[in-house]
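Colleague: sharing a model prediction with you, sequence too.
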Amino acid sequence: MVIDLFSEDVLPNFLLDVPVSYQGGKQRIASDIINFIKPAKDKIFYDICCGSGAVSLELINRGFPQKNIVMVDQGPWGLFWQSVSDGSFDLNRFKIICDNIPTDKNKIKSHVEELGRQTVNDDVVYIYLILQAASFGSKAIWIEGNKWQNCSFRDYWQPTDYSIRRSPVNPMMPMKETLYKRIAAIIEHIKGIEAVCDNAMNIVIKDNSIVYCDPPYRNTTLYGHTLNIQDFITKLPTNSKCYVSEGLSLSDNSMQISGKRSKGGISGNRNKFNQEWISVLK
């Protein structure tokens, strides 16, 4: 059960979902993260390396003041959230690009492969959402030298007679109709957040704030950028509080908040899981 930290307020009459599946995304455990942090609603909350925005969206869904949320990401996610924040995201343009995706699931992979070969242009935020939704294993896609990097995409998979999993696996997660609806809801309901596409080391953190940081984990798949968490902490105001997600405990004040997923993968049986810890470092 979700603990309502802002029960004295009227909660919003909507719930926002993360746009796409994303390796390293915190959608499954965002509630646990917020329950651990227990952010006061009069504090500025910095979501550093915000990625698909799961933690910020969890706050918004609970009624946390959007004007007190600052989202920061150095990669394409930062470009997306910044476009939401400054109002430049063109929902009509995104719909046109979504409508161009084939309805035949067997043709989607070749379509997104062609998108991934194109030079990055003014449609960068729209194309990125589609590429990331189709990314094999939900691995992070990024930009380097005006080219999309780390691109590999899903086939439409259907179970065989010998498969443990009996349901098909779609070539996009989510499919284009759901992706568009999620983005449309975000554009409609997110009003007042600040979002910046920049290196976290360049961000000036305000006094007496709460900082949550989800940097790329050690020894995991690349994201196109890194962040030295110790260097980042040294620049924080002395009266700020900093919480960091990692695949291991980073301090004596930490909590493991992950467990084995009941299902997953093409086989339908996932025996391994990545540990998720949240630690207080300041």
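Modeller: Yep, that arrived. Residues are numbered from 1 along each chain as shown.
Colleague: now do the SS call for the residue most central in space within the chain.
Modeller: When the chain is reduced to its mean C-alpha position, the nearest residue by CA atoms, centre = their mean turns out to be Ser52, at 1.6 Å. When the structure is split into helix, strand and coil by DSSP: H, G, I helix; E, B strand; the rest coil, Ser52 lands in coil.
Colleague: would you agree it is in contact with Tyr22?
Modeller: Yes: counting by CB atoms under 8 Å, a contact exists between Ser52 and Tyr22, whose distance comes to 4.4 Å. The C-beta positions use only the backbone N, C-alpha and C, and glycine is treated the same way.
Colleague: which ones are touching the residue nearest to the centre of the chain?
Modeller: In this structure, Ser52 makes contact with 18-20, 22, 25, 27, 77, judged by CB atoms under 8 Å, 6 or more residues apart in numbering.
Colleague: go on, Ser85?
Modeller: Per CB under 8 Å, 6+ apart, neighbours of Ser85: 71, 190, 193-196.
Colleague: strands of the protein, residue ranges please.
Modeller: 45-48, 69-73, 142-144, 147-149, 194-197, 210-213, 241-246, 254-256, 277-280 (DSSP state E).
Colleague: any chance of those strands in CSV, with distance to Ile203, mean pLDDT and mean neighbour count too?
Modeller: Listed next are these as CSV, based on distance: least, CB to CB, whole Å; pLDDT from 0 to 100; neighbours: other CB atoms under 10 Å:
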stretch, distance to Ile203, mean pLDDT, mean neighbour count
strand 45-48, 7, 98, 24
strand 69-73, 6, 98, 25
strand 142-144, 19, 95, 15
strand 147-149, 24, 96, 15
strand 194-197, 7, 98, 20
strand 210-213, 10, 97, 23
strand 241-246, 13, 92, 21
strand 254-256, 24, 90, 15
strand 277-280, 20, 91, 20
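Colleague: okay, the ones you listed in JSON lines with distance to Val125 next?
Modeller: As requested, these are arranged in JSON lines below (distance: least, CB to CB, whole Å):
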{"stretch": "strand 45-48", "distance to Val125": "18"}
{"stretch": "strand 69-73", "distance to Val125": "12"}
{"stretch": "strand 142-144", "distance to Val125": "11"}
{"stretch": "strand 147-149", "distance to Val125": "13"}
{"stretch": "strand 194-197", "distance to Val125": "10"}
{"stretch": "strand 210-213", "distance to Val125": "23"}
{"stretch": "strand 241-246", "distance to Val125": "25"}
{"stretch": "strand 254-256", "distance to Val125": "34"}
{"stretch": "strand 277-280", "distance to Val125": "29"}
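Colleague: which one of those strands lies nearest to Met172?
Modeller: With CB to CB as the measure, strand 147-149 is the member of the strands of the chain nearest Met172 (16.0 Å).
Colleague: who are the packing partners of the closest one?
Modeller: The elements that strand 147-149 packs onto, with contact taken as 3 or more CB pairs under 8 Å, 6 or more residues apart in numbering; DSSP states H and E, are strand 142-144.
Colleague: can you tell me which helices and strands the strand it packs on packs against?
Modeller: Other elements packing on strand 142-144 under the criterion 3+ CB pairs under 8 Å, 6+ apart are strand 147-149.
Colleague: list the strands paired with the strand it packs on, with their directions.
Modeller: Taking DSSP bridges as the criterion, strand 147-149 pairs within the sheet with strand 142-144 (antiparallel).
Colleague: hang on, the earlier thing: so which of the contacts of Ser52 is the closest to Gly137?
Modeller: Minimum separation from Gly137 among the contacts of Ser52 (CB to CB) is found for Tyr22, which lies at 10.4 Å.
Colleague: was I right to think the closest one contacts Gly51?
Modeller: Yes: between Tyr22 and Gly51 there is a contact at 6.0 Å, judged by CB under 8 Å.
Colleague: more neighbours, those two?
Modeller: Gly51 (26 against 22; other CB atoms under 10 Å).
Colleague: what about the nearest residue to that one once chain neighbours are set aside, how many neighbours?
Modeller: Leaving aside its sequence neighbours, Gly51 sits nearest to Trp77 (CB to CB, 6 or more residues apart in numbering; 5.2 Å). Trp77 is flanked by 29 other residues according to other CB under 10 Å.
Colleague: thank you, goodbye.
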